[in-house]
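[1] Sequence below, structure please.
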Amino acid sequence: MVSGQKALVTGANSGIGKATAIRLGRAGADVVVNYVSGQEEAAAVVEEIESFGVRAYAHEADVSREDHVVAMVARMVEEFGTIDIMVANAGMQRDAAATEMTLDQWQKVLDVNLTGQFLCAREAAKEFLRRGVVPEVSRSAGKIVCMSSVHQIIPWSGHVNYASSKGGVLMLMQTLAQELAPQGIRVNAVAPGAIRTPINRGAWDTPQAEADLLRLIPYRRVGDPEDIADAVTVLVSDLMDYVVGTTLYVDGGMTLFPGFATGG
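    Numbers count the residues shown, from 1 in each chain. As a prediction, the model looks like this:
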């Protein structure tokens, strides 16, 4: 599906990023596994990807730091020759009530979740534009996937920094897509709903917590990281070549306003 392509996945040592990096490797891509902490976990992801007969390596970088992102993409171009797929997945939460939230809590989440995605997209786009379309590899010059959330459109009390960052990702993605599409670059987003990842373990790791969560999901199951990984892999393939500037919600119907299913 993406055989021979070169992919970089940020935040790829756990959760959605890990599943996505592994899925892209299974589909034939060489993969850079970015992480900011958890070197052993990143190395294990690299080992699993290499078992598919493709290349992979781990790269430690903080996506909120411009110098780290520039160096990360430059190294990838040096080692793999180019980049075809950027999955800007790295994200974080620093939850607090709005009146108790510190500026540091606000800023750190915006720096990673929004600025980090901009920096990764910018550096990938530079290489896409330099290289152009290689028809035997892909119909597009490059693909960028911004990892968003259902909270780009669903308000989330107690998480104003996170929800604001994901609302920003929506407009970041759409504006980049508008600007870069004429050069053959496809920019889209994937918006997960409730997924079983370490970042939200408290929402699903007990029977009562899961039961409460399922009331928000019409499909009546909590998602797995592989659900997102499969969506990303199809989205960056040529099967989706005419999909530009779109958010793919992978949420079991969470964005269907389930509270109104019985008339509100």
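
[2] list the buried ones in the lowest-mean-pLDDT helix or strand in the chain?
    When each helix and strand of the chain is scored by mean pLDDT, DSSP states H and E, helix 207-214 comes last, with a mean of 86. Residues of helix 207-214 classed as buried: 213-214 (neighbour count, 16 or more other Cβ atoms under 10 Å). To be clear about C-beta, it is placed using only N, CA and C from the backbone, and glycine gets the same treatment.

[3] Alpha carbons of that helix, as CSV, please.
    This file holds the C-alpha atoms of helix 207-214, laid out as CSV (Å, rounded to 0.1, in the frame of the first residue of the first chain):
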residue,chain,number,x,y,z
PRO,A,207,-15.4,-1.6,34.3
GLN,A,208,-17.2,1.4,35.6
ALA,A,209,-15.0,3.9,33.8
GLU,A,210,-15.5,2.0,30.5
ALA,A,211,-19.3,1.8,31.1
ASP,A,212,-19.5,5.5,31.6
LEU,A,213,-17.4,6.1,28.5
LEU,A,214,-19.5,3.8,26.3
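
[4] any chance you could map the strands in the stretch 1-150 of the chain?
    Assigned by DSSP state E, counting those that start in this stretch, the strands in the stretch 1-150 of the chain fall at 6-9, 30-35, 56-60, 85-88, 142-147.

[5] any weak-confidence spans in this structure?
    201-205, 264 (pLDDT under 70).

[6] Report the separation between Arg26 and Phe260.
    39 Å (Cβ to Cβ, to the nearest Å).

[7] Which one of those two is surrounded by more residues?
    Remark: of Arg26 and Phe260, Arg26 carries more neighbours, 18 against 8, as counted by other Cβ atoms under 10 Å.

[8] Surely the more buried one and Glu50 touch.
    No - judged on Cβ atoms under 8 Å, Arg26 makes no contact with Glu50 at a distance of 11.4 Å.

[9] measure the closest residue to Leu239 other than its chain neighbours to Arg75 for me?
    Spatial nearest neighbour of Leu239, chain neighbours left out: Met1 (7.3 Å); criterion: Cβ to Cβ, 6 or more residues apart in numbering. Going from Met1 to Arg75 by Cβ to Cβ gives 25 Å.

[10] can you check Ala21 too?
    Taking Cβ to Cβ, one finds Ala21 at 16 Å from Arg75.

[11] do Pro192 as well
    In terms of Cβ to Cβ, Pro192 sits 28 Å off from Arg75.

[12] Then Glu47?
    The gap separating Glu47 from Arg75 is 20 Å, by Cβ to Cβ.

[13] Same question for Thr247.
    Relative to Arg75, Thr247 is positioned 30 Å away (criterion: Cβ to Cβ).

[14] Which residue of these two possesses the greater neighbour count?
    Neighbour comparison, Thr247 and Arg75: the larger count goes to Thr247, with 20 against 14 (by other Cβ under 10 Å).

[15] Just to check, that one is in contact with Met173?
    Yes - applying Cβ under 8 Å, one finds Thr247 in contact with Met173, separated by 7.1 Å.

[16] Could you tell me which residues touch both of the two?
    Listed as contacting both Thr247 and Met173 by Cβ atoms under 8 Å, 6 or more residues apart in numbering are 148, 188-189.

[17] Closest one of these to Pro198?
    Using Cβ to Cβ, Ser148 comes nearest to Pro198 of those, at 18.7 Å.

[18] OK, contacts around that closest one?
    Here Ser148 is in contact with 166, 169-170, 173, 189-192, 247 (Cβ under 8 Å, 6+ apart).

[19] I'd like the residues you listed laid out as TSV, including secondary structure and distance to Arg215.
    Output for the contacts of Ser148, formatted as TSV (DSSP: H, G, I helix; E, B strand; the rest coil; distance: Cβ to Cβ, whole Å):
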residue	secondary structure	distance to Arg215
Lys166	helix	22
Val169	helix	26
Leu170	helix	25
Met173	helix	29
Ala189	strand	26
Val190	strand	24
Ala191	strand	20
Pro192	strand	18
Thr247	strand	24
